[in-house]
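Novice: here's my sequence, what's the structure:
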Amino acid sequence: MIALELVLALGADDLTERDAAAAAVADLGTVVLPVLIGQLQDSGSPVSESVLLAVLRRMGTEAFEAVLGALQTSAPGEAPHRLLRAFAGFGAAALDGYVDALLLDDSTLRRAAVTAISRWSSDVPTAARHVLPLLGDRDAMVRQAAVQAFSSWGTAVVPMLQAVRLDGPGQARPGALEALAEVGGEAVISARDIAALERLARIEIASDTPAPLSCCFLSWIAVPTGDQAGVMGMLGLSQPRPVPFSVGMFAADIDSHGGLDADPLDVYRRVFVTPELAGWTLVVGSWCDPSATERQNEILEACERLSARFGRAQAYWWSASQDGSAVLIAEAGVVVRRFGYFPGEDVQHLELGEPLAYEQQRRAALGLPALTADRVDTDKDADEWTWELLDLAPNLAGALGLNPLSIDASTPTRGTGKLALTEYGHRLGTPPGALRR
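Specialist: Residues are numbered from 1 along each chain as shown. Alright, predicted model coming up:
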């Protein structure tokens, strides 16, 4: 009972009282470990996880072993998250224990051990040698954790990964290739491996089918032509590489989430150029955003050039999280409409041209007055129009040609999709990161 009372005192508001309780609990030794672990497993405990972990870390190896033992009594795959977080939080002092845990049968514990080693080890070469076999682990989530660990270690582990690609162990080779892609991309992958990936892509493309463009932040240029090479040439795209449709969309999606922790222009390095889809070629990627400050003038000029050659060209941005829409419509070499709607933002600088017939038709269908030159403050309109504007990009694209959200295996398709570099990619290189289906 005294042990429980002392442990509960760890939840005191007063810092001095809490520190005194922590010292008293640690002095009790192993007898208090079941109580600490019981509170850790109880999500309703008045003592925070961080305080409990601090006391457990203070108690050292015996506390680590107790937490590990409690985890091993859990059914496979059902280890309590609070206990797992504690297990991975013992720090550098528990590295030997984490290395031993890499050999456990429980894949959840192996994965947690990989994460802990990547977080706490300051000796990267030694840590990498311990984790390397897990690149070929029988469990996919453990393999992915190992790939992430190598990615976190960066270029220091590139020679080791390259050696695995050459000399094995064989089961770790696929994971080593994925880790190399995450660390440095094509710059650190051998020509032999790139050729093998291209052969695999050609095999997959043979049975490829299109799917909806399901990016969180979707930007695209649409041109009513099957002349993929002509579109790429006019946009200055280079080094096109055939890829399955799903891989191209993965690249566009993952790129659209970048640019926060590095160069913000990284999101513009590459695009996915679709095969001909129902008579249209789509160029997909953040580089195509008609509302982006860095890109809006270039996209306007690009669509003017494309429409002068192909009759029409359109650029769109749309958020699957209902953050807004932006559209740009060019015909016969002239932009006839550009408009953006982002809730709470002033985007009048984007406004060009007269409202389209589609916009007026939708307002009439909703019982709203027509848009005029002196009526552009749509924030004061009915909620129905606000919802209409949030999905303006895909809906307008469908009305004028091809809604990218409606693409599926039945969409008439001709040719092969390609990942291509923009001028940013030509200058900065192919983005790192493994491409998945």
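Novice: from here on, contacts and neighbour counts on C-alpha atoms
Specialist: Will do.
Novice: how close does residue 244 sit to residue 196?
Specialist: Residue 244 sits 15 Å away from residue 196, going by CA to CA, to the nearest Å.
Novice: between the two, tell me which one has more neighbours.
Specialist: residue 244 (25 against 12; other CA atoms under 10 Å).
Novice: what's near enough to touch the residue nearest to the more buried one when sequence neighbours are not counted?
Specialist: Nearest non-adjacent residue to residue 244, counting by CA to CA, 6 or more residues apart in numbering: residue 205, 5.1 Å away. Shown in contact with residue 205 (CA atoms under 8 Å, 6 or more residues apart in numbering): 243, 244, 245, 416.
Novice: wait, the third one touches residue 417, no?
Specialist: Yes - counting by CA atoms under 8 Å, residue 245 touches residue 417, with 6.1 Å between them.
Novice: against residue 263, how distant is the residue nearest the centre of the chain?
Specialist: The C-alpha lying nearest the average C-alpha coordinate of the chain belongs to residue 254 (CA atoms, centre = their mean; 4.5 Å). For residue 254, the distance to residue 263 equals 15 Å [CA to CA].
Novice: what secondary structure does the closest residue to residue 136 other than its chain neighbours sit in?
Specialist: Counting by CA to CA, 6+ apart, residue 136 lies nearest to residue 172, which is 4.0 Å off, once chain neighbours are set aside. What DSSP: H, G, I helix; E, B strand; the rest coil gives for residue 172 is helix.
Novice: what about residue 172, how many residues nearby?
Specialist: Look at residue 172: counted by other CA under 10 Å, it has 19 neighbours.
Novice: which parts of the stretch 251-400 of the chain are strands?
Specialist: Under the criterion DSSP state E, counting those that start in this stretch, strands of the stretch 251-400 of the chain are mapped to 270-273, 276-277, 281-284, 312-319, 325-331, 334-341.
Novice: columns mean pLDDT and mean neighbour count on top of the ones you listed, output as JSON lines?
Specialist: Formatted as JSON lines, the strands of the stretch 251-400 of the chain follow (pLDDT from 0 to 100; neighbours: other CA atoms under 10 Å):
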{"stretch": "strand 270-273", "mean pLDDT": "96", "mean neighbour count": "28"}
{"stretch": "strand 276-277", "mean pLDDT": "97", "mean neighbour count": "22"}
{"stretch": "strand 281-284", "mean pLDDT": "98", "mean neighbour count": "27"}
{"stretch": "strand 312-319", "mean pLDDT": "97", "mean neighbour count": "26"}
{"stretch": "strand 325-331", "mean pLDDT": "97", "mean neighbour count": "26"}
{"stretch": "strand 334-341", "mean pLDDT": "95", "mean neighbour count": "22"}
